[in-house]
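Trainee: Give me coordinates for this.
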Amino acid sequence: MESNLPEVLNAARSLTRAERAAVAQELISELTNHEYEDLRSADLRAVLEQGLTKLESGQGIQAAVDHVDDHLNQAGRSAAESASE
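Mentor: Numbering: from 1, shown residues only. This next block holds a predicted model:
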């Protein structure tokens, strides 16, 4: 099945902020807490393991303290996208 995620996201961007929030809430509510927590835990573990592997090999990233939350959120989104493919 071909993914139409780009089209769905593009259409969602044309919604108002309140409409986007309602759509997001509805989609999240369709996941049971157990399924969501399992997915989130697995994603976070994967991101942490990847980061630890990089640190152990002497690699790292530079991130200003003010941008750490942004970096972690992006890493989490990337992990979630990888897990859903």
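Trainee: ok, now how distant is residue 80 from residue 64?
Mentor: 24 Å (C-beta to C-beta, to the nearest Å). Glycine gets a C-beta too; all of them are placed from N, C-alpha and C.
Trainee: Who has more neighbours out of the two?
Mentor: residue 80 (16 against 8; other C-beta atoms under 10 Å).
Trainee: isn't the more buried one right next to residue 43, touching?
Mentor: Yes - look at residue 80 against residue 43 with C-beta atoms under 8 Å: they come within range, at 5.2 Å.
Trainee: Leaving out sequence neighbours, find the closest residue to residue 54.
Mentor: Leaving aside its sequence neighbours, residue 54 sits nearest to residue 60 (C-beta to C-beta, 6 or more residues apart in numbering; 6.3 Å).
Trainee: In three-state terms, label that neighbour for me.
Mentor: Three-state call for residue 60 (DSSP: H, G, I helix; E, B strand; the rest coil): coil.
Trainee: What's the local residue count around residue 28?
Mentor: Other residues within reach of residue 28, judged by other C-beta under 10 Å, total 10.
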